[in-house]
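K.L.:
with the input below, show me the fold.
(4 chains)
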Amino acid sequence: MSEKEFEPIIVGFLCNWCSYAGADLAGVSRIQYPPNIRVIRVMCSGRVDPIFILEAFKNGADGVLVAGCHLPADCHYLAGNFKALRRVLLLKRVLKEFGIEPERLWIEWISASEGDKFAKVVSEMVKEIKKLGPNPLKRSGGK
Amino acid sequence: MGSKVGAVLVVGGGVAGIQAALDLADSGFRVYLLDESPSIGGTMAQLDKTFPTNDCAMCILAPKLVAAGRHPNIHLITHAEVEGVEGEPGNFRVKIRRRARYVNPEKCTGCGVCARECPVEAIDEYDEGLSKRSAIYVKYVQAVPRTYVIDRERCIGCGTCKELCRAGAITYEDKDDITELSVGAIILAPGFEEFNPVVKSEYGYKRYPNVVTSIEFERILSASGPYGGIVLRPSDGRIPRKIAFIQCVGSRDSQIGNEYCSAACCMYAIKEAIIAKEHVPTKLECTIFYMDIRAYGKDFEKYYKRAMEEYGIRFVRARVASINEDPSTRNLILRYIVDEKPCEEEFDMVVLSIGMRPPKNAKKLADAVGIKLNEYGFCLTNPLSPIETSRPGVFVCGAFAGPKDIPESVAQASGAAAKAMGIVASERGKLVTSKVYPQERDVLGEEPRIGVFICHCGINIGGYVNVPEVTEYAKTLPNVVYAEHNLYTCSEDTQKRIKEKIIEYKLNRVVVASCTPRTHEPLFRETVREAGLNEYLFEMANIRDQCSWVHMHEPKAATEKAKDLIRSAVAKARMLRPLKKPMVNVIPVALVIGGGVSGMTAAVELARQGFEVHLVEREKELGGNLRRIYYLLEGEDPQEYLKNLINEVNKCSNIHVYLGAEVVEVSGFVGNFKSKILHGGEIKEIEHGVIIVATGATEYKPKEYLYGVDPRIITQRELEEMVYKGLFNAKTVAMIQCVGARNEENPNCSRICCSEAIKNALKIKEISPETEVYILYKDIRSYGFKEKYYHEALKKGVVFINYEDSRKPLVVKDGDRLRLVFWEPVLKQEIEIYPDLVVLSAAVVPNPDNRKVAEMLKVPLTKDGFFLEAHMKLRPVDFQTDGIFLCGLAHGPKSIDESISQACAAASRAATILSKSVLELEGIVASVDEDLCGGCRICEAVCPFGAIEMVEKEGKISAHVIEALCKGCGTCGSACPTKAIKPQHFTTEQILSQVKAILAG
Amino acid sequence: MEGNPKIICFTCSWAFPEWEIEAPPNTGVIQVKCIGRLDPIVILESFAKRVDGIIVIGCSPPDCHFIEGNLYAERTINLLKKVITLAGLEPERLHLELVSPIENKSFLNLVERFVERIKSLGPLFKGKEVDEEILFNIQAAKQAVTWSRLRILSGRERKLTEKANAYGEKISQEEIDRLIEEVMGEEYIRSKIYLLTKEKPMSVEEISKRIGVDSPLVLQHIVALRRRGLLAMDRIEGYTPLYRALEVD
Amino acid sequence: MERLEETVRKFPPCRAACPAHVNVQAYVCLIQMGKFKEAVEVIRRDLPFPAICGRVCFSPCEDACSRINIDQAVAIRSLKRLVADIEREQGRVRAEPIPKRYSEKIAIIGAGPAGLAAAYELAKLGYPVTVFERMPEPGGMMRYCIPDYRLERFVVRNEIEYIKDLGVEIKTGVEFGKDVTIDSLRRDGYKAIFIAVGAQASAKMNIPGEDLEGVIHAVDFLRALSLGKQIDVGERVAVIGGGNTAIDAARTAKRLGAKEVMILYRRSRQEMPAHPWEVEIAEKDGVKFYFLVSPKRIIGENGRVKAVECIRMRLSEPDESGRRRPIPIPFTEHQYEVDLVIPAIGQVVETWTLPPEIVSKDGLIEVNPLTMETNIPGVFAGGDVVSGPASIIEAVGAGKRAALSIHCYLRGEPLKRENLEEVTWVKNWSSLSKKERRYESPVEKPRLSFEEVRAYLERVQRAARFEALRCLGCGPCAECLMGIDLCVKDKAVVDENRCIGCGLCVEICPYNAITKNENGVAQVSEELCKGCGTCAARCPKEAITMENISNERILAAVMNAIAEVT
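P.N.:
Alright, predicted model coming up:
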């Protein structure tokens, strides 16, 4: 991250059936959003293991987004999103111990037809993370 | 009678046509799916959300579109129409006119460059004229086939698109061509046409911009619609404060010859009101002007209640006389009458809930296929054989048979598939292509040798991402032995190239960087498998929809991001393992629980296709509820139908009937069930592949209105028996609707009580015309063609009186007379009458033993105790668990013809499994590493599909995955404390390696 | 600069020999290689530079040095006459004169007759606040002829009317004129909307008042611009969404 | 020293066909603009004799003109003559002598077209050049062998004047071989010698009676007249031969009062080498033509010609060179009574005046075709003396090549040879509109008074411009560089990432100079693009800009035009 304006890297875990499809729709509708997000596809937001999120921060991610289907009944596997919500809320409290601001971890519900919502979430997340500055682990050479 | 043809023609590619085509194709028949428009999807593709679940219509329809588009047995014939049909059932010759498309489907990759630069614009019918499209267009983004078509009226032939098309797909010299298909059966599913309300000039449609039709409002609500999903007024683009919904526009309107009710308008009006409130950041008031709210379907009443209570939608029972526009504000002043008081109210916007008309060229299609239409122009059917048309071998389903909602259309579609299978069952598997794949190479021991194929997608990727630079970069990644880029990776010739490169460079992993895996992963997996490589050794990087298309103005950043995404895909590819697709053999036998009309119909349909059926009936004789139904609203004789059905069941050798029997235990999974039947005291063990639940339902034993206290207070069922037995001689009869329904205890509507009450009232007027008949109702829900009989009852002097929950009627025993007190809303006073008979329209309630059956089969129930199907809209007769199906009253209250349709549907759905000797299941399932598993059962609790069971081996308890039931969601993988259970293809190591690689930029 | 109007004359090097090219005091003569070289954008930009009239002089067919330059110039001038009429200018302010070298025409009186006609029309920019409106209209007209739709139609007009279209049929001149007028009407309004919302986000109502187009039509054009990625919803104030133009390179 | 440096130059068909590579397209383009003065300057860059060639050249350029396939070739010769005449009539500004850049003196033998052209080129290169001419006036064939009515003396004098103005010294009355030889020249310090004495001697018929009185060869006949001698032609004259010289002799004889003049020619009319329009005029003058007759002997009476006996001929089938040989038919002798016989069957080189070692066996100087050097180092030769009797323009071409070769020889540089590649955009003729010829210079222009000349020139200028507009401009922009500031050589440039490949430019380019490359993007052919800018003004994506005259430059011109006006 050279001295020019800080560009955060965000890792996004998107569930295949809703949020990933929403991101695709943003593409198909040519809705432009900042290129800071890197997406990893999982079959269900319930698959996102807290280890993945910690690994991301350990490797220098400035923000992590977990995105799934709308509660209560959109999940293709019935209840994966509930599990994801539970894990993320729990992890936010733990993150403080590692010196990582919980605001770096986001969880959002995005349906397959909400292309512009996905774009808006990414843009806002980039704005917020820019305020927070780079990942503290990186600053203190935590890699 | 000539040899039969193992193929079926489905006319109409809407949700019904697609469902019928998928069932037939999955059961081993070739299907020609013909659609008049350039791509399939029908009206449902235009909807934003669907009631009652508020699912996004496209999200649930798209997977079906892709499945139909890619199915080897389904041949799509789009932009075409039927010219003529000759021949007899089993061997039809159909003349098809395929209209010129001017684009070569093989070559067009749907990249859309031509449409973006076409100088000529045209009205976008998909958006109902609210937006414009180019002269060369595809109906909507997710269209299948995603092949563009030229609108010959608007196109001036300037030649720009041919120049731009890198795939060379534009063929201006294209001409209509007539072909002939030989098929065994024909299913008509051309859907319906929306009523054009211009005829009702009092509503001012097309004169006042803010008066829109419901289908236009769907487009306004939709995120892909003209206004991006925010509700705006067409007059000034402002968000409306007050919207009025006017029901029954073009329906229940004898003035223009549409007496019938269009069945779905009440519900979609409520849904549109709810969604409108969600899609608007400001306060929005929605008012629905209605005559009767016909929320008769499953969970509809609850949806209606939530609309009133939770969303505050105002319902006004009044007909809107006229609409005038205030020119200055373009607001609309509605004039209507409530309790005889004329009112005027101003609204920002008015949505006309337009009814369904027969499809545009119904007459032409009918003549071409040789079938009769009914008085309204829909397809003529018989209530007891709702799927057959007037011509044998030609079946009908969906709205063309009569206005209906999506679940009924889908059910009828599967039913029609079953009927068609019945005719061509002998030809099953004859005309289908079963692929033979080369011997799979064992790559387990080998060093990863990864091939990376990067796509230009014309200029969609190449225009913004520096593809050559990214290709060079890919070559530097560890284990990558080959990398190349090409114009269209998904094109036929590139698929051949990939196969050659796999063999030439002995690749054991393939990564394709192009568009979204959701649409193209199956295509590339197929190619990898054809090259002799296990199809799971393949990974995709989405550098189009999630990179080039969304970072058009930052080519440098997009190129860097593409590199990161490819590095991440390569990292995962390195860790990929070959996965076996679990094979399950299928016992071609079905178990049908319940011997009512549904159970018997399902059994007969399956038997007709040659499958063995075990039919278990609790009672001593077959027939269930139908035994006590003596006449129908439409006049046919149900008892005569029942008699024929029963002896057909008994006559049929494939069907083993167990009377007075009960299924006590069921184990195993799809294709391999083992059940124990308690029959005449001893247990009989049977093995079978599928289960159909047709346990029916019972009439509610009313506790209200002094039922049981006085013999003159009877239920509609008892009244029907009394009339049938000729014991009826009452002077005045009073019927009370919604007894035991639409209340806290049973919030749902029982759907059929209104039509039963009208049936009995008409019967009474028939046999003793001078008898006075009063019907006290909340909403008369004689939906669809039943509306005609409601008019007849009114004409015959039956008195309908509306009562509110707040002022329910009162039945009092007054000496030896019965006194009925009720509030007359028009006269606004209490009225007393002394009826000789009080008939209670008792609700349909679930069988008490549903719970026991549910637990036995491990299938869910709804809150009210009926069985819960897999998906209310698109999988009404399937259970979430594979192999178990549902039909009839067990699913919920419904009329006899709807039960029959569902029964056929269940048979067809079952046939998709029974028709296969071996079932290939999805390979992405979880697997347990026994020595790591501590037996803590967390995974078992977490799995929503009951696919994990605990097994004991040498005294150690550990989890075991039932591969047939595992859907591969992976939730168990992240819950397991010791990471013993690994969701294959998405293992923890693979995803961690992706995270590391993606951040190593 | 009272009475006499500012005139610009574009001519090619072959219509008149150099010594015959003399112009009245208020006319600037610009010689280009060929009048086919004149991009509609350049001519509209010239009007925007507060010029009262533009006359284009070239050789009459078939004597263009560059074979078809004059024919394409003719089509472009026709397109421009229609677009400046839309923008509220008198079409006579733009005039094309195709001269055959054999005719004994004088360059000077050709221009002088044109100057007289412009004088009768009076100055384009009256020096009052209405000038802003005219300038805005001209900028909108310029944007309309920059987008690709009109350029493709006008560029292909000759092939379609003289040779044949992709289907081997000849398109009549009325048909292509009607289509170009229809497309021009849309693109012109869309250009106005695009330019207005470039400065500050505006609502449909404001745009409609500002450009005098009925608001349902304005909304339809906003939908079209949004589909083309040229405009997006900025924010919602109360019940009114505001739209702003997107910067596209 | 045979090092060769080859370059390829691309010319339109007309310029490629012209032996002197005159930039036809450039000067016709300037005539279109009415810039007649500049047109002459452009011609002079390649050809010192615009007026002469305008009158007598056999115009190979018109035979190669693309318009032949459409209607008629452009009247290139007539236009050249017109602009040259206008310049002369309106008075040419005297040319400045060219400063000497080199010291090596060069001697040129013969002030004919070849010699003078070489002198002209070498003078322009900055060499001190001296031309030695046997006759009293320079001009060679141009001055002495072409009758005045076809090529006026004052025209020849005027054109040669221009060469003198450049600083070329012409010494007349000096005979090579007598007054001056190769050695004397070397001694006088001339570093290179160019022999261009032409082929002045007329070929003998070798038939009996050839040396009788009353038999004068055409070249000698014409030269004598042009030297002012009076010759009595008598009543009846017979001219033998079919070339231009024969026609000239016959018409001159007619003009000198001969009652009956006849031309006897062995072959038929088609085979006559003379210009067809010259033959027509001769017929109009009353000259009778007898074809397929060949003189056997000349009958004389007391030493004076009385008649000439001829025999009828028939033509054989065309031999390998395609020409049909005349074969005498026996017993068809017949006689024509004449007072004068003028044989005009060709010219030969006066080999006796040349150093024998450089003369080949067929009576011409043998030179190395590339360097035009004779076998005596430093001595070059060109024109009719090398090629045999040929046209003026071919002689000029030879002179120019020799000059270049001499320059390279003196500077010790490798010989620069220009290979020619013909290029034209004109392919599908049918799509180009027909324009019948609109101007042709009158063959026989009566002398006009001064006022008549002005009115005539006024009217003819407009027609000339109109005719010049028939030129299709086959080659790329001919860089006449005489246009106004915005008329600079220009080329369309395509911006790869803006171009979407819509093919509009490919369709509207009149010159088919734009094609689409393999990844579908427009690509401009350097050769064919004329810089007219029609594509740049219409590209839907503004992906094409003009290299020199961009829109910005045009707008800038508009801006300062407005600034001046207000």
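K.L.:
just checking: what are the partner strands of the stretch of helix or strand residue B:87 belongs to?
P.N.:
In the assignment (DSSP states H and E), residue B:87 maps to strand B:80-88. Strand partners for strand B:80-88, identified by DSSP bridges, are recorded as strand B:91-98 (antiparallel).
K.L.:
if we can go back for a sec, pull out the buried residues from the strand holding residue B:87.
P.N.:
Residues B:80, B:81, B:82, B:85, B:87 are the ones in strand B:80-88 that count as buried (16 or more other CB atoms under 10 Å in any protein chain shown). C-beta: built from backbone N, CA, C; applies to glycine.
K.L.:
please apply the same query to stretch D:97-116.
P.N.:
Quick answer for stretch D:97-116 (16+ other CB under 10 Å): D:98, D:104-116.
K.L.:
kindly report the same for stretch B:332-345.
P.N.:
B:332, B:334, B:336.
K.L.:
what average pLDDT does that stretch get?
P.N.:
Averaged over stretch B:332-345, pLDDT sits at 91.
K.L.:
can you give me the end-to-end span of that stretch?
P.N.:
Taking CA to CA, to the nearest Å, the first and last residues of stretch B:332-345 lie 8 Å apart.
K.L.:
domains of chain D?
P.N.:
D:9-93+D:424-468, D:105-199+D:349-420, D:209-343, D:492-550 (automatic domain parsing).
K.L.:
to chain C, which of those domains lies closest?
P.N.:
domain D:9-93+D:424-468 (2.3 Å; CB to the nearest CB).
K.L.:
quick one: end-to-end length of the closest one, please.
P.N.:
End to end - CA to CA - domain D:9-93+D:424-468 spans 24 Å.
K.L.:
how about it and chain C, touching?
P.N.:
Yes - using CB under 8 Å from any CB of the partner chain, we find that domain D:9-93+D:424-468 touches chain C at D:29, D:32-35, D:432-433, D:435, D:438, D:462-463, D:465-466.
K.L.:
format the buried residues of stretch B:332-345 as a markdown table; extra columns: distance to chain C and secondary structure.
P.N.:
As requested, the buried residues of stretch B:332-345 are exported to a markdown table (distance: CB to the nearest CB, whole Å; DSSP: H, G, I helix; E, B strand; the rest coil):
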| residue | distance to chain C | secondary structure |
| --- | --- | --- |
| B:332 | 14 | strand |
| B:334 | 20 | strand |
| B:336 | 25 | strand |
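K.L.:
what is the least confident helix or strand in chain D?
P.N.:
Of all helical and strand segments in chain D, the minimum by mean pLDDT, DSSP states H and E falls on helix D:450-468, at a mean of 76.
K.L.:
quick one: contacts of it?
P.N.:
C:17, C:63, C:100-102, C:104, D:28-29, D:31-34, D:36, D:74-75, D:78-79, D:82-83, D:86, D:89, D:437-440, D:448 (CB atoms under 8 Å, 6 or more residues apart in numbering or on different chains).
K.L.:
of the residues you listed, buried ones?
P.N.:
Using 16+ other CB under 10 Å, the buried ones in the contacts of helix D:450-468 are C:17, C:63, C:101, D:28-29, D:31-34, D:36, D:74-75, D:78-79, D:82-83, D:86, D:438-439.
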